[in-house]
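Enquirer: any chance you could fold what I've pasted below:
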Amino acid sequence: MRKTIQVFLVLLVFIVALGGCVTQSKYQQKEDQFTVLQQEKEALAKEVLAKNDQITAYNDQMKTYDKKVSAYAEEKQNLLKETQLQKDMIDALTAELEEISKRYAVLEEETKKLKEEIAAVEVKSVKAAKKPQQGFK
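Expert: Here you go, the predicted structure:
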């Protein structure tokens, strides 16, 4: 029985030794695959760095665009305020012009009446001036 156990142990060690051995060609093939994968990993890492740089550049560009948009929005607000002020000024001037036009119309009417009164007075003066002269004839 003891011999059987020894034989069994020797067979076990032999099987483990044979099972753990890898041929040189298989080892080289796995090493080549590892090298290829390592190169791919390095290439992808470089690509990631390039993409990160590109993202940073895009983010910087976006910040510049955001600043421009903010400046344009502020300028738009200023223009809207200025436009409203000008509209209010135009409305005030229009109201003032309407008031002046009404006063002008009233003054025109008064001037017409005064001219009629002056003409009437002149006619009376001429008639009055002619009456004494007729009396002397």
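Enquirer: remind me which residues of this structure are low pLDDT?
Expert: The chain contains residues with pLDDT under 70 at 12, 14-22, 132-137.
Enquirer: in it, which spans are strands?
Expert: Applying DSSP state E to the chain gives no strands.
Enquirer: give me the most central residue, it.
Expert: residue 69 (3.7 Å; Cα atoms, centre = their mean).
Enquirer: got the buried residues for stretch 91-101?
Expert: For stretch 91-101, a neighbour-count test (16 or more other Cβ atoms under 10 Å) marks nothing as buried. From N, CA and C alone the C-beta is placed, and that goes for glycine too.
Enquirer: how far off centre is it?
Expert: With Cα atoms, centre = their mean, to the nearest Å as the basis, stretch 91-101 stands 38 Å off its chain's centre.
Enquirer: longest helix of the protein?
Expert: Ranked by number of residues, the top helix in the chain under DSSP state H is helix 24-136.
Enquirer: how near is residue 74 to residue 80?
Expert: 11 Å (Cβ to Cβ, to the nearest Å).
Enquirer: next, count neighbours for residue 11.
Expert: By other Cβ atoms under 10 Å, 10 other residues sit near residue 11.
Enquirer: and for residue 25?
Expert: Look at residue 25: counted by other Cβ under 10 Å, it has 8 neighbours.
Enquirer: for residue 111, same thing?
Expert: Applying other Cβ under 10 Å, I find that residue 111 has 10 neighbouring residues.
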